[in-house]
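Visitor: using only what follows, build the 3D model:
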Amino acid sequence: MCGSSDKILGVAFQKYVSHGVENQGHAVPSYLIWRFINRVIARAADAESLTSTIGGVGDGSLDLPCLGVTCQPVENDQFKKWLGVEGGDTDVGMDRKGVMVSWSVNPALKKYDVITAINGTPLDSFGHVWYLGRRLYMTALLDSFYVGDAVELTVLSRGDAGPVVEGRTVGLMSPKDCFLVPKGQMYDVKAPPYLIAGGLVFQPLSIDYLRGWTSDRDRPTHLQHIVNTGRKCQTRQECVVLTQVLADECNSGYGSGWVGGPIVEKVNNEKICCLAHLEKILDDVVYSPEESADYVVLELLCYDGPFTMVLASREIRQGDDRVKERYGLPRLRSDGSSRRSGCPVHSPV
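Guide: Modelled structure (predicted):
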């Protein structure tokens with residue numbers, strides 16, 4: 001980047017982390033640098049009038065946006081005919097290429113929709129576009145926008161009367177609103193949230209947590225599977241994991257320390273949406289003056305299958321004080337005594 005005096009102010013680099021590519025650095029593409037600068041300038045000038053350089057109504061986020069979908073290539077001729085992309089009894093889909101939506105959290109798109117163009121730029125069967133003078137994946141084009149911007153998609157959808165091609169205005173989303181386990185580093189400057197009850201330590205699954213293993217192949221397979229395939233929905237906003245057991249009389253018989261990282265599926269037959277939801281259930285069942293249940297039943301998913309833990313509510317309360325003193329813990333919850341925010345369903349009002 002250069003200032004008005006033709007002096008170099010700095011050079012931005014990005015590093016690709018993987019086995020066999022050590023000691024490699026890559027310059028950040030200039031259009032991403034300008035994207036960042038324009039947003040910072042717009043924030044400073046007027047936080048209420050943020051717009052992208054291409055056009056839109058961004059929400060102020062610097063996250064790289066996405067469509068909120070997972071797409072797959074459309075190559076097979078039989079698959080193309082079934083979708084209506086080519087062949088069949090109609091010419092609607094003839095000579096069209098694109099990628100099919102296989103999963104969507106965006107209300108403007110649904111499964112089996114075929115995206116054929118973004119803002120008039122056509123896609124090929126692999127999702128590539130001709131952009132910046134070269135063939136790039138469509139995310140490179142979307143990176144020119146901001147979260148909250150609107151793009152015009154050309155979509156071919158399957159209808160009862162045959163395939164239909166239509167233009168749709170689709171709002172761009174943040175990846176944080178799509179993936180069950182957010183991509184990238186989250187806790188470089190802040191500690192990860194946690195909840196300790198009866199010596200059981202609960203945390204949302206994160207990439208930072210899995211980086212405790214030196215190799216991807218050493219990571220617990222059931223947790224890596226959630227990272228690869230987990231998507232958010234109304235009833236599940238986080239993947240809550242039992243990260244360790246702080247040994248105490250109240251949890252005797254369930255092991256101690258690392259116990260395999262089981263996923264918390266249900267508590268007292270209620271599916272867990274997020275850490276705040278688990279905290280609310282424990283508050284109601286264990287810590288409220290009107291104790292609603294004598295026992296807490298945790299249904300977990302381990303790498304080798306389901307596992308059940310049962311603890312008495314009274315034993316959990318008594319064990320908390322011992323655990324806090326024995327392990328020198330200043331507090332048993334990452335945010336003190338109140339539920340943390342972040343989940344649209346279970347955040348405190």
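
Visitor: buried sites along the helix or strand encompassing Leu156?
Guide: Per DSSP states H and E: Leu156 is located in strand 150-159. Judged by neighbour count (16 or more other CB atoms under 10 Å), strand 150-159 contains these buried residues: 150-151, 153-157. Placement of C-beta: from N, CA and C, glycine included.

Visitor: endpoints of stretch 323-331, how far apart?
Guide: With CA to CA, to the nearest Å as the measure, the ends of stretch 323-331 fall 10 Å from one another.

Visitor: and that stretch, which residues are buried?
Guide: Within stretch 323-331, the residues that qualify as buried are 323-324, counting by 16+ other CB under 10 Å.

Visitor: repeat that for stretch 278-288.
Guide: 278-282, 285-286.

Visitor: now Arg322, what's its secondary structure?
Guide: Here Arg322 is recorded as helix under DSSP: H, G, I helix; E, B strand; the rest coil.

Visitor: would you agree Glu265 is in contact with Lys271?
Guide: Yes: between Glu265 and Lys271 there is a contact under CB atoms under 8 Å: 6.9 Å.

Visitor: could you dump stretch 287-300 to PDB, C-alpha only?
Guide: Listed next in PDB are the C-alpha coordinates belonging to stretch 287-300 (Å, rounded to 0.1, in the frame of the first residue of the first chain):
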ATOM      1  CA  TYR A 287     -29.500 -24.200  40.600                       C
ATOM      2  CA  SER A 288     -32.900 -22.700  40.900                       C
ATOM      3  CA  PRO A 289     -34.700 -22.600  44.300                       C
ATOM      4  CA  GLU A 290     -37.500 -24.700  42.800                       C
ATOM      5  CA  GLU A 291     -35.400 -27.700  41.800                       C
ATOM      6  CA  SER A 292     -37.300 -29.300  39.000                       C
ATOM      7  CA  ALA A 293     -35.600 -32.700  38.800                       C
ATOM      8  CA  ASP A 294     -33.600 -34.900  41.200                       C
ATOM      9  CA  TYR A 295     -31.200 -36.000  38.500                       C
ATOM     10  CA  VAL A 296     -29.500 -34.600  35.400                       C
ATOM     11  CA  VAL A 297     -29.400 -37.100  32.500                       C
ATOM     12  CA  LEU A 298     -26.800 -36.200  29.800                       C
ATOM     13  CA  GLU A 299     -27.000 -38.100  26.500                       C
ATOM     14  CA  LEU A 300     -23.600 -37.800  24.800                       C
END
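
Visitor: what's in contact with that stretch?
Guide: Contacts to stretch 287-300, defined as CB atoms under 8 Å, 6 or more residues apart in numbering, come from residues 198, 200, 242, 262-269, 282, 284-286, 306-314, 316-317.

Visitor: return the distance of that stretch from the chain's centre.
Guide: 30 Å (CA atoms, centre = their mean, to the nearest Å).

Visitor: now stretch 236-254
Guide: On CA atoms, centre = their mean, the centre of stretch 236-254 falls 23 Å from the chain's centre.

Visitor: fine, thanks again, bye for now.
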